[in-house]
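Participant: Pasting the sequence and the predicted coordinates here, then a few questions.
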Amino acid sequence: MTAMQPALRLEGIVKTFPGVRALDGVSFDVMPGEVHALMGENGAGKSTLMKVLGGIHQPDAGRIIVNEVPVQMATPLEAKAKGIVFIHQELSLAEELSVAENIYLGELPCKSFGRVDWALLYERTNDILKRLNVGFNAKTLVGDLSIANQQMVEIARALTHDAKAVIFDEPTASLTDAEKVVLFDVIDDLKAAGVGIIYISHRMEEIFKITDRISVLRDGSYRGTLTTCDTDQDAVTHLMIGRALDLSRSAAQHELGDVAIEVRGLCCGKLFQDVHFEVRRGEVLGFYGLVGAGRTEIAETLFGLRSPSAGEILLNGQPVSIASPADAIAMGISLVPEDRKGQGLILGMNCRDNMTLPQISDLTAGPFVAEGSEIAIFDQYRDKLDIRTPGWKQQVGNLSGGNQQKIVIGKWLSMRPDILIVDEPTRGIDVGSKSEIHNLIRDLAAQGYAVIVISSEMPEVLHVSDRIVAMYSGRVMRTFAANEVTEDNLIQAISGIGGDRVA
């Protein structure tokens, strides 16, 4: 690797926004055929740096060098033309257009008089889709695809160019295990072709599986580069957050209260069937299973977003009918959704307005909103949850992922619910913020909340839960107590083995 010239080199990149120095002289390089991880806490500057590389932001100082040639990119199209392809974490697709049109957007092959060569477009696209082994074709509307398949369309864009460097930003956040295997095969193909790859992920197991080197940012500054095979997770974490991370679960116990919510024989068409469970006050009940197991759909049913086809829901021992989210909120149920940016926040609004949105009708004085009451609520939960923001006027879209998640949690805690459902609480969040969210969940249980946590990460569900419901294909296979669950028996349960045993 050292005998070659870098495919991409950054020298002293600086980027400043009003009141914030987001990047402070960042320098590192990526070699041809290398998978180079870029890590750091949310807010460390990773996304800003990648937007500079992708032509979205212009650096205030420093140089970008591709194949030993200094380059400047005023737009994303110019970045692509220079050989830098950016696969975004946040989907940037036009749902009303076909897969082919999205992949070649702005670069559609044309015939004479500017007419689109549709036959050539579909042929090229289907060739790329075959490499990805997906179950849709070039003419499929992107809006008809699942989130995971839309992510595969994003990835397909990287294969349309003579790329020198490809940036993958949290590419597996929405992918199933099978789709991850396909993605890693694509990355292997790009490596073999001599493409340099920047891989951004908070998932340590992926970093240590596929990368060659790891560079770390903290507070907008470059903190060092480690060779993956010569380091470990503790060393990377210490470089990221400047301290050792204690992931041990507190041994402190608290008294469980009465049953807050009970579900009996709940069904919702083919999504899930005959689901039984209960949650007590002061308890964290975890739901774990593969994609499509029905976990999120159960949460949406409890929150009134779906109508059950059979079964009953009991609150405090009394049967209830939840026909809408308004009903659920009135009954003391709150849902922190899986997609915080698409479903939990309005990114263009400020922190205060996001925090108080569900109760805005209760904060009015005549025709006007009581601004002082709104600010008081925001200040209370900013301090309580340690939300790091300059103030309530900050646009929530400018916050880090961890602080955005705290805004969503604070929004629902300010409604004083009895039952808090948290779906994928730490998706796309760095290890330091993950630890904070986990501690927060345990603290909420200690305060008497009944908490339901849905997670695709086994370490997370094992760490925060008092009991774990293992689901497979829409059914509860087994419920484990925290002191008896193991990785082996949990994996067996979510794979459909050893079902119908309730611990």
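Facilitator: Happy to help now that I have it. Numbers count the residues shown, from 1 in each chain.
Participant: Which residues are in contact with Ile198?
Facilitator: Taking Cβ atoms under 8 Å, 6 or more residues apart in numbering, we find Ile198 in contact with 8, 30, 36-38, 50, 53, 165-168. The way it works is simple: take the backbone N, C-alpha and C, and place the C-beta from them, glycine included.
Participant: so which pair among the residues you listed is furthest apart in space?
Facilitator: Using Cβ to Cβ, the pair of the contacts of Ile198 lying farthest apart is Ala37 and Leu53, separated by 15.0 Å.
Participant: what is the rounded mean pLDDT of stretch 142-159?
Facilitator: The average pLDDT for stretch 142-159 rounds to 81.
Participant: from the middle of its chain, how far away would it be?
Facilitator: Centre-to-centre, stretch 142-159 and its host chain are 16 Å apart (Cα atoms, centre = their mean, to the nearest Å).
Participant: same thing with stretch 294-310?
Facilitator: With Cα atoms, centre = their mean as the basis, stretch 294-310 stands 21 Å off its chain's centre.
Participant: Can you check the distance spanned by it, start to finish?
Facilitator: One end of stretch 294-310 sits 15 Å from the other (Cα to Cα, to the nearest Å).
Participant: Please point out which parts of it sit buried.
Facilitator: Using 16 or more other Cβ atoms under 10 Å as the burial criterion, the residues of stretch 294-310 that qualify are 294-306, 308.
Participant: Nearest to Glu374 among those?
Facilitator: When the buried residues of stretch 294-310 are ranked by distance to Glu374 (Cβ to Cβ), Phe303 comes first, at 24.0 Å.
Participant: For Tyr449, see how far away the closest one is.
Facilitator: Per Cβ to Cβ, to the nearest Å, Phe303 is found 16 Å from Tyr449.
Participant: And for Asp169?
Facilitator: Applying Cβ to Cβ, the value for Asp169 to Tyr449 is 33 Å.
Participant: Same question for Leu217.
Facilitator: Where Tyr449 is concerned, Leu217 sits at a distance of 35 Å (Cβ to Cβ).
Participant: What sits closest to Lys434 if chain neighbours are left out?
Facilitator: Counting by Cβ to Cβ, 6 or more residues apart in numbering, Lys434 lies nearest to Thr426, which is 4.4 Å off, once chain neighbours are set aside.
Participant: Now do the one you found: how many residues are near it, please.
Facilitator: Thr426 is flanked by 24 other residues according to other Cβ atoms under 10 Å.
Participant: OK, contacts around it?
Facilitator: By Cβ under 8 Å, 6+ apart, Thr426 lies in contact with 405, 433-434, 437-438, 455, 457, 460.
Participant: Low-confidence bits of the protein, can you list those?
Facilitator: Regions of the chain meeting the criterion pLDDT under 70 cover residues 1-3, 19, 42, 89-91, 174, 243-253, 430, 497-503.
Participant: Okay, domains of it per the record?
Facilitator: 8-241, 246-332+421-503 (automatic domain parsing).
Participant: Ok, which of those domains comes nearest Met415?
Facilitator: When these are compared by Cβ to Cβ, domain 246-332+421-503 sits nearest Met415, at 6.4 Å.
Participant: For Ile441, which non-adjacent residue is spatially closest?
Facilitator: Sequence neighbours aside, Val464 is the residue nearest to Ile441 in space, at 5.0 Å (criterion: Cβ to Cβ, 6+ apart).
Participant: backbone phi and psi for that neighbour, please?
Facilitator: phi -100, psi -20 (degrees, to the nearest 10).
Participant: Let me know whether it touches Ile454 as I believe.
Facilitator: No: between Val464 and Ile454 there is no contact under Cβ atoms under 8 Å: 11.2 Å.
Participant: any shared contact partners between these two?
Facilitator: Both Val464 and Ile454 are contacted by Gly286, under the criterion Cβ under 8 Å, 6+ apart.
Participant: show me the contacts for Ile84.
Facilitator: Going by Cβ under 8 Å, 6+ apart, Ile84 touches 8, 53-55, 66, 73, 163-167.
Participant: In helices, which of the residues you listed appear?
Facilitator: Among those, DSSP state H puts Leu53 in helices.
Participant: Which of the contacts of Ile84 fall in strands?
Facilitator: The strands, defined by DSSP state E, take in 8, 66, 165-167 from the contacts of Ile84.
Participant: and which of the residues you listed is nearest to Val182?
Facilitator: Using Cβ to Cβ, Val166 comes nearest to Val182 of the ones in strands among the contacts of Ile84, at 15.5 Å.
Participant: Tell me what that closest one is bridged to.
Facilitator: Beta-bridge pairing for Val166 (DSSP bridges): Val85, Ile197.
Participant: same check, this time on Ile313
Facilitator: Under the criterion used (DSSP bridges), Ile313 bridges to Val263, Val320.
Participant: From Glu41, how far off is it?
Facilitator: Counting by Cβ to Cβ - Ile313 and Glu41 are separated by 39 Å.
Participant: Pick out whichever of these two has more residues nearby.
Facilitator: A count of neighbours by other Cβ under 10 Å puts Glu41 above the other of Ile313 and Glu41, at 25 against 20.
Participant: Check the secondary structure at the more buried one for me.
Facilitator: Recorded secondary structure, Glu41: coil (DSSP: H, G, I helix; E, B strand; the rest coil).
Participant: Now render the buried residues of stretch 294-310 as a markdown table, adding secondary structure and distance to Gly332.
Facilitator: Formatted as a markdown table, these follow (DSSP: H, G, I helix; E, B strand; the rest coil; distance: Cβ to Cβ, whole Å):
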| residue | secondary structure | distance to Gly332 |
| --- | --- | --- |
| Gly294 | coil | 24 |
| Arg295 | helix | 21 |
| Thr296 | helix | 21 |
| Glu297 | helix | 21 |
| Ile298 | helix | 18 |
| Ala299 | helix | 15 |
| Glu300 | helix | 17 |
| Thr301 | helix | 16 |
| Leu302 | helix | 11 |
| Phe303 | coil | 12 |
| Gly304 | coil | 13 |
| Leu305 | coil | 17 |
| Arg306 | coil | 19 |
| Pro308 | coil | 19 |
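Participant: Thank you kindly, that will do.
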